[in-house]
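1. Build the 3D model from these lines:
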Amino acid sequence: MSTAQTWFVYFLRCNDNSLYAGITTDIERRLHEHNYTKLGAKYTRAKRPVTLVFIEKSENKSSASKREYQLKKLTKDQKERLVSTYLDTIK
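-> Numbers count the residues shown, from 1 in each chain. Below you'll find the predicted structure:
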């Protein structure tokens, strides 16, 4: 019996305006880790505070990882357009 977890791909906006992509099953916990603990990525620890600017659901860890890889390969402009479009949809 498998307990299917929802995975998320996300972008964080760092205090230097860079974007960080990651995956998780718990957005709130992961955002807290990035901002307040040593469990956050080394990249974001030096660029706090970070804010969540994009979330996308994935069916499983594998698809989340593949999507994260795709997002990381985008140019900064492409990432910014994706974030802007996402933020417009949640307003």
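2. got a list of contacts for the lowest-mean-pLDDT helix or strand in the chain?
-> Every helix and strand of the chain was ranked by mean pLDDT, DSSP states H and E. The lowest is helix 42-45, at a mean of 95. Contacts with helix 42-45, where a contact means Cβ atoms under 8 Å, 6 or more residues apart in numbering, come from 12, 14, 20, 34, 35, 38, 50. Heads up, the C-betas are built off the backbone N, CA and C, glycines and all.
3. Any figure for the gap between the last one and residue 17?
-> Pointing back at residue 50 there. According to Cβ to Cβ, to the nearest Å, residue 50 stands 11 Å off from residue 17.
4. Likewise for residue 44?
-> Where residue 17 is concerned, residue 44 sits at a distance of 13 Å (Cβ to Cβ).
5. ok, residue 50 and residue 17, which is more surrounded?
-> Taking neighbours as other Cβ atoms under 10 Å, residue 50 and residue 17 compare with residue 50 leading, 22 against 9.
6. With residue 8 as the reference, measure out to that one.
-> Counting by Cβ to Cβ, the gap from residue 50 to residue 8 is 15 Å.
7. show me the contacts for residue 52.
-> With contacts defined as Cβ under 8 Å, 6+ apart, residue 52 is in contact with 10, 11, 12, 13, 27, 31.
8. just checking, which of those residues belong to helices?
-> 27, 31 (DSSP state H).
9. And the buried ones among the contacts of residue 52, selectable in ChimeraX?
-> Selection command for ChimeraX covering only the buried members of the contacts of residue 52, criterion 16 or more other Cβ atoms under 10 Å:
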select :10,11,12,13,31
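10. Return the member of the contacts of residue 52 nearest to residue 72.
-> residue 11 (10.0 Å; Cβ to Cβ).
11. Okay, and the beta partners of the closest one?
-> residue 21, residue 54 (DSSP bridges).
12. May I ask you to confirm that residue 51 is in contact with residue 13?
-> Yes. Residue 51 is within contact range of residue 13, at 5.0 Å (criterion: Cβ atoms under 8 Å).
13. where does this protein dip in pLDDT?
-> 1-3 (pLDDT under 70).
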